[in-house]
Structures are given as structure tokens and as C-alpha cells.
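Trainee: Okay, here's the prediction I keep looking at, along with the sequence it came from:
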Amino acid sequence: MLSDLPGESQKSLDVVPGDIRDAFLVRKAVKDCDYVFHLAALIGIPYSYVAPGDYVSVNVMGTVNVLQACRDERITRLVHTSTSEAYGTALYVPIDEKHPMQGQSPYSASKIGADKMAESYYNSFELPVVIVRPFNTYGPRQSSRAFIPTVISQALSLKKIAMGSLEPVRDMSFVKDTAEGLIKVGLCDRILGQTVNLGTGQGQTIGTMVDMILHLLGKKSISVEQDPARIRPAKSEVMRLISDNSKAREICSWTPKYDLKKGLLETIEWIRKNLHKYRPDHYTI
């Protein structure tokens, strides 16, 4: 949350509350900007099963508002944030930017639509946009919609952990690496109109990461139970995501600095100090 930032950092921010679906507000927000980083979206996959129309209106139409505003205001660079979920279950690994996109959930389908609109604005109007596709980002302040803060907060509070499927493989990127990647890609002139993956290139199953978290917490005896409500429909579950980050490394000079253990330790420390901000006994979609 912005309120967690140091006082001096808060003073340097100009916060404009509003809705990305409001084209007039978006135009006002990007006015006089040189660089625009577009990260506004509905992101929870389970909630996309409940409200798919909202995902289209926010993620697709909201993105069109950002693209058009940046075109009208002649911004220098737009960094559009995508998601590795757009690839769906890997047809091959590591996944490079040429991998086909597969809409396995309303969320991923809406992000694919947003990506294609960004691509079209580059091709049709020469808008200086680049698409950044982070793999699974985690770290301090992440909401309980994500599995890592869910596991940590439950392990610190409860006698057992409720999880969905433990078999999917994920490439986990620490938030500081992702943030640095967004900036480096945004400042790189050689990748305009292209898509760039941000990931570590390493994959672990959800179950392996749960075990690792429990080990780091010294709570290996806690039981892990599958909650049917947390399991995605079979054809919607993305089973394997491991990035090929060579474009980000070779063209944009970005290299992730955090391995999984280092990132988890920093995340655990923050959640331990801020456990009151989580509801471990509640499933957040």
C-alpha cells in the first residue's frame, strides 16, 4: 500500500484516484508525462470465473483508453504490462516470446486482448509501446490472492494450510527484479513494438515451494490439505510456466538478482511484521 512508503517518498507522489475505464481521467493522468507504465488491471484468476465481463471492460477497454491517451498526448514511451498466463500451459520450455498465446481463463484471455491492442497501436499508429511479460511476481505487500502470501500467512497463524493444486510449475520472480526489469525495458530503445519476458528461467512446483516456505519458517510439521474450492477447472489450469529471459538479458541488460530462497526470506520477514493485514482463514478470490 502507498501508506507503507516512507514519508518522503509519499510526498514525491501525485496520486490521482479514478477508474481506468474513464477515458477522460486517463487522458488527464498521462498528460505531460514522458514515460507511462501501465500496470492497472484486474488480476485474480479465480474472480475472472465469476465476473468475466469486468475483466474485459477493465483489462481490454481500459488498456485501449491508456493507448489512446498516450497516442493523443504523444508520450515518449508506454510500457504495457502483460502476464505469463497469456502463454497458457507450455507447449515447450523455456517459453520464449514466440510461444503461442492460449486463453485458458477469462483473465488470461482479457490480457491477451490487451496485448494485441497494444501491438495494434504500434503497428497502426507507431505508438512507442513495448509489452513486458513478467512471470509470477511475488514479494512484500502482495495480496492474499497469490499463493505465496497465502501459504506464509496461514503457516504463521493456523494449524493447517489449505491449498489448490500442488502440481503446477511456476517461474517465480521477486518484485524488486520485476520492477527493475520494467524500468530497464522501458528505457531500452531496441525493443519498441516487441514483447519481452521477465523471469528467472527456473521452475518449481507449487508443492515444492510450499515445503520450502514451511522449512524456512521452521514449521515442517504443519499439514497441507487440498481445498476443492481453490482448484481451477482442469482445462483452465496452467501446468507449466518457465521463462526464456534471453531477450531481456541480451538486449535490455536485465539480470534477476534474487533466487527463490532469498526472495522468500525477505517476503516472510515482511508478512511476519504485517500479519494483521491478512485474513489467513479466508479464501480471497
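Mentor: All right, it came through fine.
Trainee: can you give me the strands in the stretch 101-250 of the chain?
Mentor: 129-134, 136-138, 160-163, 169-170, 172-174, 195-198, 204-205, 223-226 (DSSP state E, counting those that start in this stretch).
Trainee: export those strands to CSV and tack on mean pLDDT, distance to T81 and mean neighbour count?
Mentor: C-beta here means a position set from N, CA and C on the backbone, and glycine is covered the same way. Formatted as CSV, the strands of the stretch 101-250 of the chain follow (pLDDT from 0 to 100; distance: least, C-beta to C-beta, whole Å; neighbours: other C-beta atoms under 10 Å):
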stretch, mean pLDDT, distance to T81, mean neighbour count
strand 129-134, 98, 6, 25
strand 136-138, 98, 10, 22
strand 160-163, 96, 27, 17
strand 169-170, 98, 18, 22
strand 172-174, 98, 13, 25
strand 195-198, 98, 10, 26
strand 204-205, 98, 23, 17
strand 223-226, 95, 31, 11
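Trainee: of all those, which lies closest to F24?
Mentor: Closest to F24 of the strands of the stretch 101-250 of the chain is strand 129-134 (C-beta to C-beta; 21.1 Å).
Trainee: picking up where we left off before, dump the strands of the stretch 101-250 of the chain into JSON lines; add distance to K31 as well.
Mentor: Below are the strands of the stretch 101-250 of the chain laid out as JSON lines (distance: least, C-beta to C-beta, whole Å):
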{"stretch": "strand 129-134", "distance to K31": "18"}
{"stretch": "strand 136-138", "distance to K31": "29"}
{"stretch": "strand 160-163", "distance to K31": "45"}
{"stretch": "strand 169-170", "distance to K31": "38"}
{"stretch": "strand 172-174", "distance to K31": "32"}
{"stretch": "strand 195-198", "distance to K31": "27"}
{"stretch": "strand 204-205", "distance to K31": "44"}
{"stretch": "strand 223-226", "distance to K31": "50"}
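Trainee: For stretch 185-197, buried residues please.
Mentor: V185, G186, C188, I191, Q194, T195, V196, N197 (16 or more other C-beta atoms under 10 Å).
Trainee: Reformat those as JSON lines; add distance to G113.
Mentor: Shown next, in JSON lines, are the buried residues of stretch 185-197 (distance: C-beta to C-beta, whole Å):
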{"residue": "V185", "distance to G113": "21"}
{"residue": "G186", "distance to G113": "22"}
{"residue": "C188", "distance to G113": "25"}
{"residue": "I191", "distance to G113": "22"}
{"residue": "Q194", "distance to G113": "18"}
{"residue": "T195", "distance to G113": "14"}
{"residue": "V196", "distance to G113": "19"}
{"residue": "N197", "distance to G113": "19"}
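Trainee: Taking the residues you listed, tell me the two that lie furthest apart.
Mentor: Farthest pair in the buried residues of stretch 185-197, by C-beta to C-beta: G186 and N197, 14.9 Å.
Trainee: before we move on, back to that, nearest to F174 among the buried residues of stretch 185-197?
Mentor: For the buried residues of stretch 185-197, with F174 as the reference and C-beta to C-beta as the criterion, the closest is N197, at 15.4 Å.
Trainee: Next, the contact list for the closest residue in space to the closest one that isn't next to it in sequence, please.
Mentor: The shortest distance from N197 to any non-neighbouring residue, by C-beta to C-beta, 6 or more residues apart in numbering, is to S243 (4.7 Å). For S243, the contact set (C-beta atoms under 8 Å, 6 or more residues apart in numbering) comprises S84, P94, I95, F135, D171, N197, L198, G199, T200, G201.
Trainee: Check which element follows the least confident helix or strand in the chain by mean pLDDT along the chain.
Mentor: Of all helical and strand segments in the chain, the minimum by mean pLDDT, DSSP states H and E falls on helix 7-11, at a mean of 85. For helix 7-11, the following helix or strand on the C-terminal side (DSSP states H and E) is helix 23-30.
Trainee: so I206 sits right up against L166, yeah?
Mentor: Yes. Contact criterion C-beta atoms under 8 Å: I206 and L166 qualify, at 4.9 Å.
Trainee: Look at these two and report which has more neighbours.
Mentor: I206 (18 against 15; other C-beta atoms under 10 Å).
Trainee: coming back round to it: roughly how far does the residue nearest to N197 sit from R21?
Mentor: Separation of S243 from R21 (C-beta to C-beta, to the nearest Å): 31 Å.
Trainee: swap in P128?
Mentor: 24 Å.
Trainee: what about those two, which has more around it?
Mentor: Relative neighbour count places P128 above the other of P128 and R21, with 18 against 15, counting by other C-beta under 10 Å.
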